[in-house]
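>>> Using only what follows, build the 3D model:
(2 chains)
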Amino acid sequence: MKNAILKKEKLDDFIKIMSKDEKVIAPVLKGNQSYTFTEVKSADEISLKYLPTILPPKKYFMPQHETLIEYDKRNGQKVHCVVEVEDLVIFGVHTCDLAGIQCLNMIFADRPKDMNYLIRKNRITLIGLECNSYCDEFASCALMGNHIPKGGYDLLFTDLGNYFFVEINTRKGEELIEKTNLFENADSNHQEELNKLRKLKESIFKPEVDIDKNEIPSLFKKKFESKIWEDIGERCLSCGNCTNVCPTCYCFDVLDIPDLNLKTGKRVRVWDSCQNEPFAKISGGESFREKRGDRKRHRFNRKFRYPVERYGKFFCTGCGRCSRTCMAKIDLKETIRDLIKEGN
Amino acid sequence: MKKPKVAFFDFACCEGCQLQVANLGEDLLDILDTIDVVEFREVMTEKWDQGYDVAVIEGSITNEHAIEKIKRIRERSKILIAYGSCATIGGVNGMKNDFELNEIEAHVYQENAKHFKTVPTMAVSQVVKVDYFVNGCPIYPPEFITVLKCALAGLPYHVPDNVVCVECKINENICMYDKGVTCLGPVTKAGCNSWCINNGNVCYGCRGMVSNPNENSAKDVLSKYNISLDLIKNKMNMYNKCRELNKNEKDKS
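Down below sits the predicted model:
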């Protein structure tokens, strides 16, 4: 597949043409330097330069609240599976968030396969947007290697001044380009400019924590009993902000919600969080992770150690959301640095 | 099947929660298809002299007369639901417990004070067994309906023991702390779907604190915004004063 370019003045037409056929979602300023992925109808609503959104685009792949089953007990036990799905184009997804979606894809395709997720994912077109420089000081994308695109998109836009360089990664992306008829072929000059930007990025993005990435899982293993977790636990409010905003946290709860007649109703799936007090509580009131420090440690290990052991993949994308949103100012990079500093 | 007999009662409160029920609109019609309301002073004049399948209680318990009345209601009811902050956690009425009772009586009733003996404000569950709780000032109507359904179906309802931030973040609100405003979300029980913050207000903590709030850390967070400790304490006490009665009990035992 050849690459393409889109002149910036044509972005508005691109958004408008797409939004005629399906919902187009893009980053929009909500206020106070906070952005959200929201439906747009034109390019002027979109913030092309944005800090990672409050919630990552995972909310379209695994909605906060989703019906799985509708049941009816009036005549036997009838159940009827539901997949809430719609065609979506998500535009302007940063490479960190694309990496997050790649993690979710892996989890939900693992056995037992999650059909609701997989069906929904196939109906979503992803258009990435490369970051030319850091969004802010909370990011650790270079440490995790997600400052450069590594797939997971249909199209990838790179801002090169008065045009976007567009990498076509899938047949779906190619069809979108053909359909909208606004793109031009990229020539060697365009390619050269892209190479130049990538070269420049090498000097801007440096691993934010001084550690060989491959050493991180063993660091967390070694530091399992560290006092640092206790200290973090004393500061943690257990508000669950870090998990809700995390692009790779996928834990959920499933509940039955009866209608008022008590005969019909639905089974829903809602987001849950390992940071919540009742999450690891079982019958009899026993909790596997009673202390805040235990829960915090668990979350860090679920990003930097357990998934590496199981899937060969880090589940931190370096987006920085958890540190940005934490009221108690528990900082991911600082925590890793503290663990390193503590020594043996 | 005979419809369950449901009665609504109120103690020390503003009756705002009853108003929330009366204002349910179309949902109220569905509810009335399912239950038989036999007493509800706010909306009807009839009374009922037999047992109740469900009694729904608003208001906190503030004098001997109320203690006797709530005990009698409990005896006559199969299921008892406490709803609203006053009934579930004592609510703003708990502020009385900061003062000497005779001073309070004299201040309010002046020369008639001797006819109006008062006791420390208590949540309903501090006097009789409560089967279901609908926290909030006022109640969040969708949660009331959920609890009513659980009560009728014989299912348990657990008031979420997560903080309001959990729901607030899921609703993708801008954090009040990012706006430079203090908010009690980080220590307050969820279940209201972050109703106030969704509508631009802060959380006042009306649902009561989670069972294990990190008060020290919350105070640290608040003090970073140059708020005096006294103000923080007052904010936390506005709805939560009655929990001290439980603490005192624990100290005694």
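>>> residue in the stretch 51-200 of chain B nearest to chain A?
residue B:165 (3.6 Å; CB to the nearest CB). C-beta here means a position set from N, CA and C on the backbone, and glycine is covered the same way.
>>> so who does that residue touch?
Residues near residue B:165 by CB atoms under 8 Å, 6 or more residues apart in numbering or on different chains: A:237, A:239, A:240, A:241, A:327, B:175, B:185, B:186.
>>> Next one: residue A:166 relative to chain B, how far apart?
Separation of residue A:166 from chain B (CB to the nearest CB, to the nearest Å) stands at 29 Å.
>>> That residue against residue A:7, yeah?
No. Look at residue A:166 against residue A:7 with CB atoms under 8 Å: they stay out of range, at 11.0 Å.
>>> from the contacts of residue B:165, which ones fall inside helices?
Among those, the ones falling in helices (DSSP state H) are residue A:241.
>>> and residue A:166 and residue A:7? which has more neighbours close in?
Under the criterion of other CB atoms under 10 Å in any protein chain shown, the comparison of residue A:166 against residue A:7 puts residue A:166 first, with 23 against 13.
>>> which one is the more buried one nearest to, not counting chain neighbours?
residue A:4 (4.4 Å; CB to CB, 6 or more residues apart in numbering or on different chains).
>>> which residues touch the one you found?
Contacts of residue A:4 (CB under 8 Å, 6+ apart): A:166, A:168, A:177, A:183, A:184, A:185, A:186.
>>> cool, and residue B:176?
Taking CB under 8 Å, 6+ apart, one finds B:182, B:183, B:185, B:197, B:202, B:203 in contact with residue B:176.
>>> ok so, going back, going toward the C-terminus from whatever helix or strand the residue of the stretch 51-200 of chain B closest to chain A lives in, what's the next helix or strand?
Here residue B:165, judged by DSSP states H and E, is contained in helix B:164-170. Counting by DSSP H and E, the next helix or strand C-terminal to helix B:164-170 is helix B:195-198.
>>> rewinding a little: which ChimeraX command selects the buried ones in the contacts of residue B:165?
Buried members of the contacts of residue B:165, defined by 16 or more other CB atoms under 10 Å in any protein chain shown, are picked up in ChimeraX with:
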select /A:237,239,240,241,327 /B:175,185,186
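>>> Can you tell me which of the contacts of residue B:165 comes closest to residue A:336?
Proximity of the contacts of residue B:165 to residue A:336 (CB to CB) peaks at residue A:241, which lies at 19.1 Å.
>>> I figured that closest one was touching residue A:328, is that so?
No. Residue A:241 lies out of contact with residue A:328 (CB under 8 Å); the separation is 9.6 Å.
>>> Could you name every residue contacting both of those two?
With CB under 8 Å, 6+ apart, residue A:241 and residue A:328 have no common neighbours.
>>> Please name the nearest non-neighbouring residue to the residue of the stretch 101-250 of chain A found nearest chain B.
Closest to chain B within the stretch 101-250 of chain A is residue A:239: 3.6 Å, counting by CB to the nearest CB. The shortest distance from residue A:239 to any non-neighbouring residue, by CB to CB, 6+ apart, is to residue B:165 (3.6 Å).
>>> in the helix or strand hosting residue B:104, what's buried?
Element membership for residue B:104 (DSSP H and E) is helix B:101-109. For helix B:101-109, the neighbour count (16+ other CB under 10 Å) marks B:104, B:105 as buried.
>>> Please apply the same query to stretch A:180-191.
Within stretch A:180-191, the residues that count as buried by 16+ other CB under 10 Å are A:180, A:183, A:186, A:190.
>>> Residue B:81 contacts residue B:58, correct?
No. With contact defined as CB under 8 Å, residue B:81 and residue B:58 do not form a contacting pair (9.8 Å).
>>> Looking at those two, which is more packed in?
Shown here are residue B:81 and residue B:58; by other CB under 10 Å, residue B:58 has more neighbours (30 against 26).
>>> Now do the contacts for the more buried one.
B:8, B:9, B:10, B:11, B:13, B:15, B:17, B:18, B:83, B:84, B:86, B:87.
>>> can you rerun that using 10 Å?
B:8-18, B:20-21, B:42, B:81-88, B:124, B:134, B:138-139 (CB atoms under 10 Å, 6 or more residues apart in numbering or on different chains).
>>> Quick one: buried ones out of these?
Buried among the contacts of residue B:58 (16+ other CB under 10 Å): B:8-14, B:17-18, B:20-21, B:81-88, B:124, B:134, B:138-139.
>>> list residues touching both of residue B:81 and residue B:58?
Common neighbours of residue B:81 and residue B:58 (CB under 10 Å, 6+ apart) are B:8, B:87, B:88, B:124, B:134.
>>> quick one: low-confidence ranges for the chain?
Going with chain A. A:1, A:344 (pLDDT under 70).
>>> Chain B, not that one
B:1, B:248-253.
>>> could you pull out the helices for it?
Using DSSP H, helices in chain B cover B:16-22, B:26-34, B:64-76, B:85-89, B:101-109, B:141-153, B:164-170, B:195-198, B:215-223, B:229-240, B:243-252.
>>> Name the residue closest to the centre of chain B, please.
Nearest to the geometric centre of chain B sits residue B:85, at 1.8 Å (CA atoms, centre = their mean).
>>> Apart from its chain neighbours, what residue comes closest to that residue?
residue B:91 (3.4 Å).
>>> Check whether stretch B:212-230 comes near chain A.
Yes. Contact of stretch B:212-230 with chain A (CB under 10 Å from any CB of the partner chain) involves B:212, B:213, B:214, B:215, B:216, B:217, B:218, B:220, B:221, B:222, B:224.
>>> Mind jotting down where the helices sit in the stretch 1-150 of chain A?
A:11-21, A:58-61, A:95-109, A:115-122, A:141-144 (DSSP state H, counting those that start in this stretch).
>>> mind checking which of these is nearest residue B:33?
helix A:115-122 (32.5 Å).
>>> who are the neighbours of the closest one, in terms of helices and strands?
helix A:58-61, strand A:65-72, helix A:95-109 (3 or more CB pairs under 10 Å, 6 or more residues apart in numbering or on different chains; DSSP states H and E).
>>> Contact partners for residue A:113?
No contacts exist for residue A:113 under CB under 10 Å, 6+ apart.
>>> whoops, residue B:174 was the one
Residue B:174 neighbours (CB under 10 Å, 6+ apart): A:30, A:31, A:32, A:33, A:34, A:35, A:36, A:54, B:168, B:197, B:200.
>>> cool, residue A:183 as well?
Residue A:183 touches A:3-7, A:10, A:14, A:155, A:164, A:166, A:168, A:176-177, counting by CB under 10 Å, 6+ apart.
>>> residues from the stretch 1-150 of chain B in reach of chain A?
B:27, B:30, B:31, B:32, B:33, B:34, B:35, B:145, B:146, B:148, B:149, B:150.
>>> Look up phi and psi at the residue nearest to the fifth one when sequence neighbours are not counted.
Okay, so that is residue B:33. Nearest non-adjacent residue to residue B:33, counting by CB to CB, 6+ apart: residue A:260, 7.4 Å away. Note on residue A:260: backbone dihedrals following degrees, to the nearest 10 are phi -60, psi -30.
>>> Residue A:260 contacts residue B:24, correct?
No. If you go by CB atoms under 10 Å, residue A:260 and residue B:24 don't touch, sitting 11.2 Å apart.
>>> what do those two both touch?
What both residue A:260 and residue B:24 touch, as defined by CB under 10 Å, 6+ apart, is the set B:30, B:31, B:32, B:145.
>>> nearest to chain A, of the residues you listed?
Using CB to the nearest CB, the shared contacts of residue A:260 and residue B:24 come closest to chain A at residue B:30, 4.8 Å.
>>> Tell me, how many residues neighbour residue 201?
All of this is about chain A. There are 16 residues near residue A:201, going by other CB under 10 Å.
>>> that answer is for a different chain, and I need it for chain B
12.
>>> Identify the farthest-apart pair in the shared contacts of residue A:260 and residue B:24.
That would be B:32 and B:145, which, of those, are the farthest apart (CB to CB) at 12.4 Å.
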